[in-house]
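1. sequence and predicted structure, then a few things I'm wondering about:
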Amino acid sequence: MNLKEAVRIALRGLRANRLRSALTMLGIIIGVASVIVLVALGNGVQTSVNEKIQPLANLITVVPSIGNVPGGNPPKDLIDADVVALQDKQFSRSIATVIPATSGKALAETDSYRYRANIVGSTEQWLEVNNQDMAAGQFFDEAQVRSTARVVVLGSAVANYLFGDDPAAGLNKNIRMNRQPFRVIGVLQSVGEPGDGVVVTPIHTARRYIFGGADKVNQIIVQATQANAVPAAEATVIRVLSERHRIKDSAKRDFEVQSLRSRLDTFNQVLRLLTLFTAAVAAISLVVGAIGVLNIMLVSVTERTREIGIRKAIGATRRAILEQFLIESIVLAGLGGAIGVLTGVGLSILGANVAPAFGPTFATFAPAVTVSSVVLSFAISLAIGMVAGGYPANRASRLRPIEALRYQ
Amino acid sequence: MIQIEDITKVYRMGKVEVRALYGVDLTIDDGELVAIMGPSGSGKTTLMNILGCLDVPTSGRYLLDGTDVSRLSDNRLAKIRSRKIGFVFQSFNLVPRTSAVRNVELPLVYAGVRSRRTPARTALEQVGLADRLKHLPNELSGGQQQRVAIARALINDPALLLADEPTGNLDTAASAEILKLLGALNDVGRTVVIITHEEEVARFARRVVRMRDGRIVSDEVQRSRTEIPA
């Protein structure tokens, strides 16, 4: 008996009990669709976060250690001289740019509104190093940094809160911080919370008018030449600073070097595990679906005992009967799997199109279907057909023709 | 040619043994039309199951066209049924939800024959159902269903056509038609064995074998074949 004939017989068997076949398939459909959607959700988050972070993946930040160094003194502050020492290594193979940053919280006020902003003092290279763009106006330049100009660039949330929706509305107006006036010269494009709550000003301006302090920096931002160069750049940073701080034992280091890249790797690892876990939970419904297929195939074999007897009497071998029921079960589960794939992919595409309408936070969760989840879940549903159909089909094939013919 | 030698059959129902056949000998030549008669419990159905290779005897030999089929495996028996035997049952036993022509094709499917539609159509034309090819069993009358069953039984050109109470579920007119058809098949040389408990049906055969309590009690050739009861 050839396969085409067997599939035709199987389809006829399934059509004879449409409702029953549909309900049985539903278990598989739900299982396959939820596996695909959940994996797509996890993948979507991972893709969008990675896309956002990728341009920053070559950044390394250096901050002083918190608390006392084990067995030693309180940590030394990072100072301008540290920055200069690192800037000596600029244009080496691994390090592209080094900039300092001071930071802290302060109230940014207009006559009518006040916003508790994250104040950052840095150099004119801050914009490019952080891969940000202007929504209106300009970033401060080198001359303004040198001249301690009282100018600020606002994050989009700050601008929005103080001056309204139009980013250009606050340009050339003054805001007050620490009772000092500052002129707004630019507004940053939104990068999402919490980066939008920032006020950027030249580093010397920040020290003189807001934070005080002579040469202390809170943070050194090192831009590696590329993401792959991050480990080498980190090593250079650690070597230079350890030398300057006279640290021989790495456990006694009084600064910390962090890179987004290593954090991204950790994030990806965690997310992958989480996705796998939720997919496994969804796969439980596939097990339930498999039991449904098994159950309905057993019923089908019992119901059709007489038909099996007839087929055997007119020459069907055990193998032909086995194939008939096995193929019927595989077609049932496979069809369920295919509909499940369509449902899952459809829901994911729908979600991907609808999610951005709810704002940037939801856009992060836009599902992205992975080919592997589609292939795997469809293969699993075929396997379910084979495994769940195996026992009933075997039972059918072993029926003795005279007893099967006598069955009413 | 069919040759049965000293066949016995014992069924085991739990701890009880039931003897259905006590040493039956029977020879049927090619082209014969034989009726096997007997009341229920006489063993005629058991004999038919063995003749039809649906069951194997407990002891004895069964030669079908020279092959001993009394000790074959399930699979070999299925192949023998597929090639050498055509069944006609009391309750027609067509495969449900399957059109007449596809029912007739089925033995060819299991025999692995590729071109099936034409022979199936021809077989249905021979039993006078050329206009019912696509009908489902439940759209056909009893007589029509039985004719589909006969077409199906003949499709593989079997050595033996076995009919088990072929008219048991039919009215008089349909019964006559079916018997006429079986007679016509025998006239062109087909070996036909009819199992029945109806005297009228038996009288229609040339040779009548009577059974009782698992034994053959008489085996006689009738001088003249009764014309088909109308």
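-> That came through fine. Please read these numbers as outputs of a predicted model, since none were measured by experiment.

2. show me what the longest helix along chain B is packed up against.
-> Secondary structure assigned by DSSP state H gives helix B:172-187 as the longest helix of chain B. Applying 3 or more C-beta pairs under 8 Å, 6 or more residues apart in numbering or on different chains; DSSP states H and E, one finds that helix B:172-187 makes contact with strand B:33-37, helix B:142-154, strand B:160-164, strand B:191-196. C-beta here means a position set from N, CA and C on the backbone, and glycine is covered the same way.

3. now those as a markdown table including mean pLDDT, mean neighbour count and distance to chain A?
-> Formatted as a markdown table, these follow (pLDDT from 0 to 100; neighbours: other C-beta atoms under 10 Å in any protein chain shown; distance: least, C-beta to the nearest C-beta, whole Å):
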| stretch | mean pLDDT | mean neighbour count | distance to chain A |
| --- | --- | --- | --- |
| strand B:33-37 | 94 | 24 | 17 |
| helix B:142-154 | 95 | 25 | 7 |
| strand B:160-164 | 93 | 24 | 10 |
| strand B:191-196 | 94 | 24 | 14 |
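
4. got these as JSON lines, with distance to A:Ile349 columns?
-> Putting the helices and strands packed on helix B:172-187 into JSON lines (distance: least, C-beta to C-beta, whole Å) gives the following:
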{"stretch": "strand B:33-37", "distance to A:Ile349": "69"}
{"stretch": "helix B:142-154", "distance to A:Ile349": "51"}
{"stretch": "strand B:160-164", "distance to A:Ile349": "60"}
{"stretch": "strand B:191-196", "distance to A:Ile349": "65"}
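
5. let me see the contact set for the closest residue to chain B within the stretch 101-250 of chain A.
-> The nearest approach of the stretch 101-250 of chain A to chain B comes at A:Gly192, 60.6 Å away (C-beta to the nearest C-beta). Neighbouring residues of A:Gly192 by C-beta atoms under 8 Å, 6 or more residues apart in numbering or on different chains: A:52, A:360-361.

6. quick one: secondary structure of it?
-> Three-state call for A:Gly192 (DSSP: H, G, I helix; E, B strand; the rest coil): coil.

7. pLDDT score for it?
-> Note on A:Gly192: pLDDT of 76.

8. pretty sure A:Val7 sits against A:Gly334.
-> No: between A:Val7 and A:Gly334 there is no contact under C-beta atoms under 8 Å: 10.2 Å.

9. and these two? Which one has more around it.
-> Between A:Val7 and A:Gly334, counted using other C-beta atoms under 10 Å in any protein chain shown, the more crowded position is A:Gly334 (21 against 15).

10. list the contacts for the residue sitting nearest the centre point of chain A?
-> When C-alpha atoms, centre = their mean is applied to chain A, the residue found nearest the centroid is A:Gln46 (1.8 Å). Contacts for A:Gln46 (C-beta under 8 Å, 6+ apart) come out as A:268, A:271-272, A:275.

11. so it sits in a helix?
-> Yes: counting by three-state DSSP, A:Gln46 is found in a helix.

12. B:Gly86 is in contact with B:Ala159, correct?
-> No: the pair B:Ala159 / B:Gly86 is not scored as a contact, 9.0 Å apart, by C-beta under 8 Å.

13. not counting its neighbours along the chain, what's nearest the one residue in the stretch 251-400 of chain A that gets nearest to chain B?
-> Nearest residue of the stretch 251-400 of chain A to chain B: A:Gly315, at 2.7 Å (C-beta to the nearest C-beta). Once flanking residues are discounted, A:Gly315 sits nearest to B:Ser82: 2.7 Å by C-beta to C-beta, 6 or more residues apart in numbering or on different chains.

14. what's the answer for A:Ile203, then?
-> Residue nearest to A:Ile203 in three dimensions, not counting chain neighbours: A:Gly121, with 4.1 Å by C-beta to C-beta, 6+ apart.

15. how about that neighbour, secondary structure?
-> Here A:Gly121 is strand, with the state taken from three-state DSSP.

16. how far away is it from A:Glu193?
-> 22 Å (C-beta to C-beta, to the nearest Å).

17. the more surrounded of the two?
-> A:Gly121 (26 against 10).

18. please verify my assumption that that one contacts A:Ser103.
-> Yes: counting by C-beta under 8 Å, A:Ser103 is a contact partner of A:Gly121 at 7.1 Å.

19. re the thing from before, and the longest helix of chain B with helix B:142-154, angle?
-> Counting by axes from the mean of the first three to the mean of the last three C-alpha atoms, to 10 degrees, helix B:172-187 lies at 20 degrees to helix B:142-154.

20. send over helix B:172-187 as PDB, restricted to the C-alpha atoms.
-> Listed next in PDB are the C-alpha coordinates belonging to helix B:172-187 (Å, rounded to 0.1, in the frame of the first residue of the first chain):
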ATOM      1  CA  THR B 172     -36.800 -12.700  -1.900                       C
ATOM      2  CA  ALA B 173     -36.300 -10.700  -5.100                       C
ATOM      3  CA  ALA B 174     -32.800  -9.400  -4.100                       C
ATOM      4  CA  SER B 175     -31.900 -13.000  -3.000                       C
ATOM      5  CA  ALA B 176     -32.900 -14.300  -6.400                       C
ATOM      6  CA  GLU B 177     -30.700 -11.700  -8.100                       C
ATOM      7  CA  ILE B 178     -27.700 -12.500  -6.000                       C
ATOM      8  CA  LEU B 179     -28.100 -16.200  -6.500                       C
ATOM      9  CA  LYS B 180     -28.500 -15.700 -10.200                       C
ATOM     10  CA  LEU B 181     -25.200 -13.700 -10.200                       C
ATOM     11  CA  LEU B 182     -23.400 -16.400  -8.200                       C
ATOM     12  CA  GLY B 183     -24.800 -19.000 -10.600                       C
ATOM     13  CA  ALA B 184     -23.600 -17.000 -13.600                       C
ATOM     14  CA  LEU B 185     -20.100 -16.700 -12.100                       C
ATOM     15  CA  ASN B 186     -20.000 -20.500 -11.600                       C
ATOM     16  CA  ASP B 187     -21.200 -21.000 -15.200                       C
END
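
21. report the inter-axis angle for that helix versus strand B:33-37.
-> Going by the same axes, to 10 degrees, helix B:172-187 makes 130 degrees with strand B:33-37.

22. which residues sit against helix B:172-187?
-> The contact list for helix B:172-187 (C-beta under 8 Å, 6+ apart) reads B:31-33, B:127, B:141-143, B:146-147, B:150, B:154, B:161, B:163, B:166-167, B:170, B:192, B:194, B:201, B:204, B:225, B:228-230.

23. what do you get if the cut-off is 6 Å, keeping everything else the same?
-> B:33, B:142-143, B:146, B:166-167, B:192, B:204, B:228, B:230 (C-beta atoms under 6 Å, 6 or more residues apart in numbering or on different chains).

24. gap between that helix and the chain center?
-> Relative to its parent chain, helix B:172-187 has a centroid offset of 14 Å by C-alpha atoms, centre = their mean, to the nearest Å.

25. same deal with stretch B:87-106?
-> Offset of stretch B:87-106 from its chain centre (C-alpha atoms, centre = their mean): 14 Å.

26. give the buried residues for it.
-> Neighbour-count burial for stretch B:87-106 flags B:87-95, B:98-106 (criterion: 16 or more other C-beta atoms under 10 Å in any protein chain shown).

27. can you narrow the residues you listed to ones near chain A?
-> B:87, B:93, B:95, B:106 (C-beta under 6 Å from any C-beta of the partner chain).

28. secondary structure class for the third one?
-> I take that to be B:Val95. Per three-state DSSP, B:Val95 ends up coil.

29. got the end-to-end distance for stretch B:70-79?
-> Terminal residues of stretch B:70-79 are spaced 14 Å apart (C-alpha to C-alpha, to the nearest Å).

30. what comes up buried for it?
-> Neighbour-count burial for stretch B:70-79 [16+ other C-beta under 10 Å]: B:70, B:72, B:77-79.

31. please consider this matter closed, and thank you.
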